[in-house]
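Chemist: Next come a sequence and a model predicted from it.
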Amino acid sequence: MTEISVRPVRQRGGRVRALFGGACAVVLAVTGVTVAGTAHAEADRTITANEEGTHNGYFFSYWKDSGDVTMTLGPAGNYRVRWANGTNNTVVGKGWNPGTRRVVNYSGTWRSNGNSWLALYGWTRNPLVEYYVVETFGTLIPTAGASRLGTIQSDGGTYDVYRSLRVNQLSIDGIATFYQYWSVRRQKRVGGTITVGNHFDAWVRYGAQLGTHHYQILATEAYQSSGTSDITVGEVLGPQPSASTPGPESSTPPPSN
């Protein structure tokens with residue numbers, strides 16, 4: 001695997017407390033997927049500055065450290081984002097607060113000119129942990145400096161598992177030291193099912209201690225690139241699938257792209 005030698009420093013300053021809308025959420029079952037909505041659907045909303053809140057029954061998060069990033073919140077779990085050259089680092093998406101062992105279903109489009117990725121993204125507290133389930137990525141695998149722990153099989157694919165230690169970096173709780181856990185899918189895709197509990201179980205097998213869950217979003221993250229994505233996220237109904245299994249280990253490294 002080819003990895004970049006320097007991972008971009010994640011900046012998490014300037015985030016605001018989550019804002020909760022007054023409309024009550026309802027749950028609809030559509031072809032086996034739950035779609036959270038509101039009694040009176042909210043109109044599309046465009047965001048260009050750091051903010052967290054709820055829209056049409058879903059939690060959303062918009063963050064950037066600099067640059068031109070436009071996020072449009074659409075119906076139900078839909079969001080659209082465009083980022084332009086000159087953007088340093090941005091993370092935006094829709095999902096839930098708090099996160100949990102749900103089964104996530106998502107679909108849409110993602111186009112990147114450079115270094116970006118599409119991932120289920122979240123945090124826990126006590127201990128503070130940042131995590132990613134990366135479904136596709138652009139120019140580079142976003143795990144430079146991380147230690148590869150192994151693989152797992154989940155949702156019809158193989159994920160390489162990584163861990164990195166972030167020392168005195170900005171987080172959702174300000175400057176802190178915390179672990180990141182990554183599952184990076186080898187068979188890139190934009191759309192499908194993510195059985196989140198499988199990844200939690202795998203990370204725990206590899207030594208993770210996950211705390212109380214904060215938010216969990218299907219995120220578009222970009223670093224010094226340009227592109228667009230149009231993503232709709234929902235939650236699959238029904239019983240939780242069985243746990244993941246460790247993937248086959250070999251001397252062959254994961255693909256670099």
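Modeler: Nice, I can see it.
Chemist: Name the nearest residue to Arg45, ignoring sequence neighbours.
Modeler: Leu73 (4.5 Å; C-beta to C-beta, 6 or more residues apart in numbering). In this view, the C-beta of every residue, glycine as well, is placed from N, C-alpha and C.
Chemist: how about Val204, secondary structure?
Modeler: In the three-state summary, Val204 is assigned as helix, counting by DSSP: H, G, I helix; E, B strand; the rest coil.
Chemist: show me what contacts it?
Modeler: Listed by C-beta atoms under 8 Å, 6 or more residues apart in numbering, the contact set of Val204 reads Leu210.
Chemist: ok, now how distant is it from Trp123?
Modeler: Remark: distance between Val204 and Trp123 (C-beta to C-beta, to the nearest Å) = 16 Å.
Chemist: With Ala144 instead?
Modeler: Distance from Ala144 to Trp123, by C-beta to C-beta: 21 Å.
Chemist: more crowded one of those two?
Modeler: Shown here are Ala144 and Trp123; by other C-beta atoms under 10 Å, Trp123 has more neighbours (22 against 15).
Chemist: tell me the contacts of the nearest residue to that one once chain neighbours are set aside?
Modeler: For Trp123, the nearest residue in space outside its immediate sequence neighbours is His214; the separation is 4.3 Å by C-beta to C-beta, 6+ apart. For His214, the contacting residues are 97-99, 122-125, 172, by C-beta under 8 Å, 6+ apart.
Chemist: Between those, identify the one with the most neighbours.
Modeler: Busiest of the contacts of His214 [other C-beta under 10 Å] is Gly122, holding 26 neighbours.
Chemist: confidence score at it?
Modeler: Per-residue confidence for Gly122 comes out at a pLDDT of 98.
Chemist: these two touch, right, it and Thr100?
Modeler: No - Gly122 lies out of contact with Thr100 (C-beta atoms under 8 Å); the separation is 9.6 Å.
Chemist: overlap in contacts of those two?
Modeler: 213, 216.
Chemist: Give the buried residues for stretch 139-152.
Modeler: In terms of neighbour count (16 or more other C-beta atoms under 10 Å), stretch 139-152 has its buried residues at 139-143, 146, 148-149, 151-152.
Chemist: what's the answer for stretch 110-129, then?
Modeler: Residues of stretch 110-129 classed as buried: 110, 112, 114-125, 128-129 (neighbour count, 16+ other C-beta under 10 Å).
Chemist: Now intersect those residues with the helices, please.
Modeler: Assigned to helices by DSSP state H, none of the buried residues of stretch 110-129 qualify.
Chemist: Tell me which two of these sit farthest apart.
Modeler: Gly114 and Arg125 (32.1 Å; C-beta to C-beta).
Chemist: what about the helices in the stretch 151-257 of the chain?
Modeler: Here the stretch 151-257 of the chain has its helices, by DSSP state H, counting those that start in this stretch, at 196-205.
Chemist: what stretches of it score poorly on pLDDT?
Modeler: By pLDDT under 70, the weakly predicted segments of the stretch 151-257 of the chain are 239-257.
Chemist: repeat that with 50
Modeler: 242-243, 248-252, 257 (pLDDT under 50).
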